[in-house]
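In: fold the following, please.
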Amino acid sequence: MSIYSIPKFKFPKVKNVFWNKKKKKSSFQTNILIICSIVLASFLFGALGGVLSVGYFYSQTGELLEKLNIEFPKKIVEKETVIEKEYIPQTSQEEKVIEAVKKAFPSVVSIIITKDMPVVEQFYYDPFEGFEEFFGDPFFRFEIPENQDGGTEKREIGGGSGFIISEDGMVLTNRHVVSDKDAEYTVLTNEGKRFSAEVLALDPVKDLAVIKINTDEKFKPLPLGDSDILQAGQTVIAIGNALGEFQNTVSTGIVSGLGRNIIASGGGESELLENVIQTDAAINQGNSGGPLLNLKGEVIGINVARSQLGENIGFAIPINEGKRGIEQVKAIGKIVYPFLGIYYTLINSELKEKYDLSVDYGAWVGRNPGGEATEQAVFSDSAAQKAGIKRDDIILEFNGERITQENSLAKIIMEYNPGDEVQLKFLREGKEKNVIVILGERS
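Out: You can find the predicted model right below:
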């Protein structure tokens, strides 16, 4: 049964046997157009009927399956899953830095160094006095300063930084900041208060010192962290009196390296600093003695030096190396170390090859880092002298521990106290010897 019935087409009656060509052609085109229209209409109505039939089928089938308690499988439509990245605020680390700095500021101080200095008065005179007829023109008249001693006056000659380590006003700083015995020291707090201070103890080995604020006021000490768990890449904060002028200057960076050995110099002096922290946090002149903090606001280092050749290369003494001295000052009022009493350098492969040595490790007595002989090899009346140690002896082991670049004599001896008895194994003229030494005291 078709949807539509098409009526029969009746051709008109003609008298002529032959059609006109033009009329024949027009009738043929009309027939083709009619046929195409019929086909298209059939397709469209057929599609519509199919859709209606399928819809009816699904509706009837769905009611039947529902009555039979059978679930009809649903078409699964996959949706594009949009995964949003977790947003980490850029200010999260900034907030930690700001919080750490706020906590630390009240405990970080500036140290002002004053000293009696000569007063220089200036007098002026006219070098052409008496020759006015030759040099009467004001263009030729000028004055030259003349210096004359006018006594002494107290002047600020420098400054550094420090931080409070006890409620009663003990301050930890660098030894080179407060090493002038003829100078006077003033502590300037973040609140702008000034207090005179006295030097309690100078560390004879590390560039550290403890001074005491002369007041009965109570202070907030900075918490001390653990420098042994530091890692390269860790964020650190340096605070100090930059250039001796800009109090509590803050700079941030990372731990660039650990266990560095450097030769620090300044004021005509130089010394070897071992096992220091390298950081790219700016440490300028005047920052010396200030704290190097972690993001918890704990002190993990004491700023000590910066490289003059490289950019953003600063150094700090690990706080764990200062804890021993702090406890000693609190207990006995001074910092003491076991003392062997030798000048030496650590042997490496270069020194071995250069001087044709039999070993590439050990402490070479009476030699500097380049291998040249030092002016003095053994301290007079020291533990080493009493044990018979001489120039060019190579101490191989200290109480059973081999002395190497990584495990230096200075590092090993820190595990002992004055008065301890230890055994030294050393090399003399190609022969190994052993000797018992009672360590002295260095303070």
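
In: enumerate every residue touching the most centrally placed residue in the chain.
Out: The chain has I254 as the residue nearest its centroid, 2.1 Å off, counting by C-alpha atoms, centre = their mean. Contacts for I254 (C-beta atoms under 8 Å, 6 or more residues apart in numbering) come out as A232, G233, Q234, T235, V236, T279, D280, A281. C-beta coordinates here come from the backbone N, C-alpha and C atoms, glycine included.

In: buried sites along the helix or strand containing it?
Out: Assigned by DSSP states H and E, I254 belongs to strand 246-266. For strand 246-266, the neighbour count (16 or more other C-beta atoms under 10 Å) marks Q247, N248, T249, V250, S251, T252, G253, V255, S256, L258, I262, A264 as buried.

In: tell me if I am right that E350 is in a helix.
Out: Yes - assignment of E350 by DSSP: H, G, I helix; E, B strand; the rest coil places it within a helix.

In: ok, back up a step: dig out what the residue nearest to the centre of the chain forms beta bridges with.
Out: Following DSSP bridges, I254 is listed with bridge partners T235.

In: and if you look at I302?
Out: P291, I317.

In: surely it meets I319?
Out: Yes - under the criterion of C-beta atoms under 8 Å, I302 makes contact with I319 at 6.6 Å.

In: of those two, which one has the most company?
Out: Counting neighbours by other C-beta atoms under 10 Å for I302 and for I319 shows that I302 has the greater number, 29 against 25.

In: how far away is that one from I262?
Out: Distance of I302 to I262, computed by C-beta to C-beta, to the nearest Å: 14 Å.

In: do the same with I394
Out: 24 Å.

In: over to T173?
Out: 19 Å.

In: go on, I111?
Out: Where I262 is concerned, I111 sits at a distance of 23 Å (C-beta to C-beta).

In: same thing with E372?
Out: Distance from E372 to I262, by C-beta to C-beta: 20 Å.

In: buried sites along stretch 104-119?
Out: So, applying 16+ other C-beta under 10 Å, buried residues of stretch 104-119: A104, S107, V108, V109, S110, I111, I112, I113, T114.

In: just to revisit the earlier point, now, which of the buried residues of strand 246-266 sits nearest E298?
Out: The closest of the buried residues of strand 246-266 to E298 turns out to be V255 (C-beta to C-beta; 13.8 Å).

In: for I389, what are its contacts?
Out: I342, V365, V378, I395, L424, F426, V435.

In: quick one: it is in a strand?
Out: No - I389 is assigned coil when assessed by three-state DSSP, not a strand.

In: per-residue confidence for it?
Out: Predicted confidence (pLDDT) for I389: 96.

In: what does it show for phi and psi?
Out: When read as degrees, to the nearest 10, the backbone of I389 gives phi -70, psi 140.

In: hmm, T374 is touching W364, no?
Out: No - assessed by C-beta under 8 Å, T374 is found out of contact with W364, at 10.2 Å.

In: the two: which has the busier surroundings?
Out: Higher neighbour count among T374 and W364: W364, with 25 against 14, using other C-beta under 10 Å.

In: any idea which helix or strand carries that one?
Out: Counting by DSSP H and E, W364 is found in strand 363-365.

In: pLDDT on that strand, on average?
Out: 96.

In: and if you look at stretch 151-171?
Out: For stretch 151-171, the per-residue pLDDT averages 88.

In: from here on, count from 51
Out: Sure thing, new numbering starts at 51, so read that last one as stretch 201-221.

In: from the contacts of I439, which land in strands?
Out: Under the assignment DSSP state E, the contacts of I439 contribute V415, I445, L474, F476, V485 to strands.

In: pretty sure Q297 sits against V237.
Out: No - using C-beta under 8 Å, Q297 is not in contact with V237; the gap is 11.6 Å.

In: identify the contacts common to these two.
Out: Once C-beta under 8 Å, 6+ apart is applied, the residues that Q297 and V237 both contact turn out to be S160.

In: give me the number of residues near the closest residue to G275 other than its chain neighbours?
Out: Nearest in space to G275, with sequence neighbours left out and distances taken as C-beta to C-beta, 6 or more residues apart in numbering, is E348 at 3.2 Å. Neighbour count of E348, defined by other C-beta under 10 Å: 18.

In: please list all residues in contact with E348.
Out: Counted by C-beta under 8 Å, 6+ apart, E348 has contacts L272, P273, L274, G275.

In: which other helices and strands contact the strand or helix carrying E377?
Out: Taking DSSP H and E as the criterion, E377 maps to helix 370-382. Other helices and strands packing on helix 370-382, by 3 or more C-beta pairs under 8 Å, 6 or more residues apart in numbering; DSSP states H and E, are strand 220-223, strand 244-252, strand 259-263.

In: and it, which residues are buried?
Out: N370, E371, G372, R374, G375, I376, Q378, V379.

In: distance to T202 and pLDDT added to those residues, as a markdown table?
Out: Output for the buried residues of helix 370-382, formatted as a markdown table (distance: C-beta to C-beta, whole Å; pLDDT from 0 to 100):
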| residue | distance to T202 | pLDDT |
| --- | --- | --- |
| N370 | 43 | 94 |
| E371 | 39 | 91 |
| G372 | 36 | 92 |
| R374 | 39 | 89 |
| G375 | 34 | 91 |
| I376 | 36 | 94 |
| Q378 | 36 | 92 |
| V379 | 32 | 93 |
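
In: any chance of the residues you listed in CSV, plus distance to V147?
Out: Formatted as CSV, the buried residues of helix 370-382 follow (distance: C-beta to C-beta, whole Å):
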residue, distance to V147
N370, 23
E371, 25
G372, 23
R374, 29
G375, 29
I376, 26
Q378, 33
V379, 31
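
In: please name the nearest non-neighbouring residue to K402.
Out: D410 (4.3 Å).

In: burial of that neighbour, as a residue count?
Out: Neighbour number of D410 under other C-beta under 10 Å is 14.

In: and G421, how many neighbours does it have?
Out: Neighbours of G421 using other C-beta under 10 Å come to 15.

In: L401 is in contact with that one, correct?
Out: Yes - with contact defined as C-beta under 8 Å, G421 counts as touching L401 (5.3 Å).

In: shared neighbours of these two, anything?
Out: With C-beta under 8 Å, 6+ apart, G421 and L401 have common neighbours T395, W414.

In: thank you, goodbye.
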